[in-house]
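[1] here is my input, please return the structure:
(chains A and B)
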Amino acid sequence: MNWKFTGDRPVYQQIMETLRGAILKGELPPGGKVPSVRDLAAQAQVNPNTMQRALTELEREGLLVGGGTSGRTVTQDETILSAMREQALQALARECAEKFMVFGLTPTQAARLLVALDTPKEES
Amino acid sequence: MEEYVLNAQGLSMRYHRTLALDNLNLTLTPGKIVGLLGPNGSGKTTLIKLTAGLLTPTSGEIQVCGQPISPATKALVSYLPDKTYFSAKQKIRELLDTFQDFYADFDRERAENMLGALGISLEARLGSLSKGNQEKVQLVVVMSRRARLYLLDEPIGGVDPAARDYILNTIITNYDPTATVLISTHLIEDVERVLDEFIFLNQGKIVRQGTADQVREETGKSLDELFREVFKCLPNC
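    From the prediction side, this is the model:
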């Protein structure tokens, strides 16, 4: 997992994003075991209480299950996973659209550029 | 009073004409990593030395785990001074012997494992090690005690970034939920991710206190930025 933090937002929120990303990318597969709070805190070099808080929040969202002595696992609930994926992709789209808007492009104009990337190159 | 690991009330410390701590009130609860942050001369080391029982306050009171400062509280407090008090001629094995003799809560096996992982020989003399390794050895022995309160005075001053990471990792992985760690430093950017709470100290007074994530949530600023802002407009720094 790629732990990078910026100073302007709470660390626990940034940890949650990194973990959601790891689940989306399959680094933490559905049903897979999540490392212990202590190990994750050491990996990310953050306070164990902050890591604990991030994991508890993800548990509340239903993305992680367990949390007892046997440790946490990633949920296998497809509904929750696809909702999370949907949300993450929408957030990405919004972020992308905002970047285009800086240059005065509407989302539709931006979409045209994206579609163009998709078309196979024509031979000249 | 047992719920507080540290409880200081009306604490003042005067060195001749200098008032190093000015009627300070502070309580710390268990299970926290707390940053004691302030410019040079703000009273950080004085507060730590008073808590360690190395100084006697001019007025006011300190309790550790509900007890006034005494040999009993020294058994509960593990203190890393800002300057070393170990002899450069001493072998590391002898240093471990000393700690074992002095402190009932010293976990020698843990210390030896950590030194082994660092590749530091027990037969080496402290003076023969690099500055970074000397700092690591001191931190290893201090964190190998099963104390209730760890007082770390500038644990990351003057070491390279890799050593700094090692030191912060040692702090994170060794502390247990019943203990509290008080870290004094002015290198805020390096420690802020590991802190639960912070205390800004200036001219012997607490000027701001809170949790690190709360600052980021409410102000959108890092502790480092907040520190620069708070201390910019204060005199004498």
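[2] just list the residues touching the residue nearest the centre of chain B, thanks.
    The residue lying closest to the centre of chain B (C-alpha atoms, centre = their mean) is B:Leu152, at 1.9 Å. Taking C-beta atoms under 8 Å, 6 or more residues apart in numbering or on different chains as the criterion, B:Leu152 is in contact with B:80, B:139, B:142, B:171, B:181-184. All C-beta atoms are positioned from the backbone trio N, CA, C, and that covers glycine.
[3] and chain A, which of those contact it?
    Residues of those in contact with chain A (C-beta under 8 Å from any C-beta of the partner chain): none.
[4] isn't A:Leu40 up against A:Met51?
    Yes: using C-beta atoms under 8 Å, A:Leu40 and A:Met51 qualify as a contacting pair, with a distance of 5.2 Å.
[5] neighbour count: those two, which is higher?
    Taking other C-beta atoms under 10 Å in any protein chain shown, A:Leu40 and A:Met51 do not tie; A:Met51 has more neighbours (25 against 21).
[6] can you show me the strands along chain A?
    Taking DSSP state E, the strands of chain A run over residues A:64-66, A:72-74.
[7] just give the nearest non-adjacent residue to the residue in chain A that chain B sits nearest to, would you?
    Closest residue of chain A to chain B, C-beta to the nearest C-beta: A:Gly7 (2.5 Å). Nearest residue to A:Gly7 in three dimensions, chain neighbours excluded: B:Ser222, at 2.5 Å (C-beta to C-beta, 6 or more residues apart in numbering or on different chains).
[8] give me the neighbour count for B:Thr46.
    B:Thr46 has 22 neighbouring residues, counting by other C-beta under 10 Å.
[9] which SS class is the closest residue to it other than its chain neighbours?
    Spatial nearest neighbour of B:Thr46, chain neighbours left out: B:Ala20 (4.3 Å); criterion: C-beta to C-beta, 6+ apart. Secondary structure assignment for B:Ala20 (DSSP: H, G, I helix; E, B strand; the rest coil): strand.
[10] and the pLDDT at the residue nearest to A:Gly7?
    The model reports B:Ser222 with a pLDDT of 89.
[11] sorry, back to before: isn't there a strand covering the residue nearest to the centre of chain B?
    Yes: assessed with three-state DSSP, B:Leu152 lies in a strand.
[12] from A:Gln52, how far out is it?
    According to C-beta to C-beta, to the nearest Å, B:Leu152 stands 22 Å off from A:Gln52.
[13] near chain B, which residues of chain A?
    By the rule C-beta under 8 Å from any C-beta, the part of chain A lying against chain B is A:5-12, A:38, A:41-42, A:45-50.
[14] now, which of these lie within helices?
    Among the residues of chain A next to chain B, DSSP state H puts A:11-12, A:38, A:41-42, A:48-50 in helices.
[15] shaky segments in chain A?
    The model of chain A has pLDDT under 70 over residues A:67, A:119, A:121-124.
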